[in-house]
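Enquirer: Quick one, structure for this:
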Amino acid sequence: MVLAILAVLAAYLLGNIPFSVFVAKIAGHDLYKTGSKNPGASNVARIAGWRWGSLAMALDILKGFFPTIIALLVADSYLNEESARMLAYLVGFAAMMGHVVPIGRKGGKGIATGAGVALALLPLPAILAITVWFITMKITKLPVVSSIVATAILPIWVGFNHYFQWEFFITAALLIFVIARHAPNIRRLIRREETGVTKNTRQ
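Expert: Have a look, this model is predicted:
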């Protein structure tokens, strides 16, 4: 029990690390004052270009992936499969919340960190979702559309395959969470004011 609490706390603190903010600063930008003012990888791409955005995304994915996969592998040695997965989901959720609700600053939307969690727990649908994200981004240039479409793949995949029933509800809740986090973007999209991301975008 104590180890589980420590794992959740460590994952939350890891999620607090603002990799996107650091990458943007190295590229010469203040992520909180430019673009969408969101401290996430999409905004890094928006203001500094895709190379910097891809680096920020990779780091945010890793901070979701590593604590989750470690928790899953360690817990699998001591718990049954269902309990081990429950703990890993909890650790992954803590990492996401560290990114979304960090200590003392504005958080991001948690898409890349959530993708890392999904890679650890649901590797095949996560790879498919990430692929769809990139394809949708290439077509629409809109992170809000790409994120919602890609996240929707997870509950659909889990619902039609052999996973624990509660995993469907968790992935469905994740989709609702992603939509809620993108509510301002959705409103701007409806008003045709949402800014897209292109290879040449600079602000």
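Enquirer: Could you list every helix and strand in contact with the longest helix belonging to the chain?
Expert: Ranked by residue count and defined by DSSP state H, the top helix of the chain is helix 50-75. The contact analysis (3 or more C-beta pairs under 8 Å, 6 or more residues apart in numbering; DSSP states H and E) places helix 50-75 against helix 2-15, helix 19-26, helix 41-48, helix 81-100, helix 111-121. All C-beta atoms are positioned from the backbone trio N, CA, C, and that covers glycine.
Enquirer: Give me the helices and strands touching the fourth one, please.
Expert: If I follow you right, that is helix 81-100. helix 2-15, helix 50-75, helix 111-121, helix 165-181.
Enquirer: ranking those by burial, who's on top?
Expert: Comparing the helices and strands packed on helix 81-100 by mean neighbour count (mean count of other C-beta atoms under 10 Å), helix 111-121 ranks first with a mean of 27.
Enquirer: Just the residues contacting that helix, thanks.
Expert: 15, 40-42, 56-57, 60-66, 68-69, 72, 85, 88-89, 92-93, 95-96, 98-99, 125-127, 129-130, 133, 143, 147, 151, 154, 174, 178 (C-beta atoms under 8 Å, 6 or more residues apart in numbering).
Enquirer: again, only this time at 6 Å
Expert: 41, 57, 60-61, 63-65, 68-69, 88, 92, 95-96, 99, 126, 130, 147 (C-beta atoms under 6 Å, 6 or more residues apart in numbering).
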